[in-house]
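Trainee: Compute the structure for the input listed below.
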Amino acid sequence: RVLVGRQMVPFSYEFLVGAANIDFVNRSRVVRRLGPGRRTGAAINAVAGPVRLRGGVFNASYTTDVMGQETPQNVRGGLLAAGRAQGNVPIDDGGSEAILGASIAYDTPDTSDQVEVPGRLLLSADARIHLGRVLVGGELLYSDVVLPERFQSLDGTTSGGYATLGY
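Mentor: Next comes the predicted model:
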């Protein structure tokens, strides 16, 4: 299936699940801060049995310049390439399952002379286990900001994670 338009970037299970089906009232703060969210672009979704593969190219998502200022999307150039692999593994006949996923994304650096916006590498690994009414889930996210050469002395690495336990 090919999708074109404004859509969720295939990164992080929590963003790809509709708001009515997330585990709690709000999405994780870590995912909202580090994940690319909704962007305009083109994506391909492929399903083969319990495996789902997604990938696409979108408008750039990282809009904070080197000095930490927000930059409007129409001022900055760049693209975001993202991919995700997910497997749904049934545990028993009662509907219990494990959902395992991994995502990667790269936000290209700005190439215009108007503003210096760095690129960013994003990595994510997540797992969810539904055992009857019990849910155990979590995700680890890693972001490495690719700074322009004159700012290489700054540390651009951020990471975070979350765990959920629900009944």
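Trainee: where are the low-confidence patches of this structure?
Mentor: The chain contains residues with pLDDT under 70 at 61-77, 109-118, 146-157.
Trainee: Need the single longest helix in it, by residues.
Mentor: For the chain, the helix reaching the highest residue count under DSSP state H is reported as helix 29-34.
Trainee: Buried residues, that one. List them.
Mentor: Within helix 29-34, the residues that count as buried by 16 or more other Cβ atoms under 10 Å are Val30, Val31, Leu34. C-betas here are computed from N, CA, C, even on glycine.
Trainee: Just after it, pick out the following helix or strand.
Mentor: With elements assigned by DSSP states H and E, the helix or strand that comes after helix 29-34 is strand 38-48.
Trainee: Go through that following strand and flag the buried ones.
Mentor: Within strand 38-48, judged by 16+ other Cβ under 10 Å, the buried ones are Arg39, Gly41, Ala43.
Trainee: Following it in sequence, what is the next regular element?
Mentor: Beyond strand 38-48 toward the C-terminal end (DSSP H and E), the next one is strand 51-59.
Trainee: measure the nearest residue to Arg133 once chain neighbours are set aside to Gly137 for me?
Mentor: Among residues not flanking Arg133 along the chain, Tyr167 sits closest, at 5.6 Å (Cβ to Cβ, 6 or more residues apart in numbering). Distance of Tyr167 to Gly137, computed by Cβ to Cβ, to the nearest Å: 13 Å.
Trainee: neighbour count winner among the two?
Mentor: Gly137 (20 against 6; other Cβ atoms under 10 Å).
Trainee: From the buried residues of strand 38-48, pick the one nearest Leu121.
Mentor: Nearest to Leu121, judged by Cβ to Cβ, of the buried residues of strand 38-48 is Arg39 at 16.5 Å.
Trainee: Just give the closest residue to the closest one, not the sequence neighbours.
Mentor: With Cβ to Cβ, 6+ apart, the residue lying closest to Arg39 is Phe58, at 3.8 Å.
Trainee: thought the one you found was touching Ala82?
Mentor: Yes - Phe58 is within contact range of Ala82, at 6.9 Å (criterion: Cβ atoms under 8 Å).
Trainee: Let me know the closest of the buried residues of strand 38-48 to Asn21.
Mentor: Ala43 (19.7 Å).
Trainee: got a list of what the closest one touches?
Mentor: Going by Cβ atoms under 8 Å, 6 or more residues apart in numbering, Ala43 touches Val2, Leu3, Val4, Gln7, Val9, Pro10, Arg54, Gly55, Gly56, Phe58.
Trainee: who's it bridged to?
Mentor: Leu3, Gly56 (DSSP bridges).
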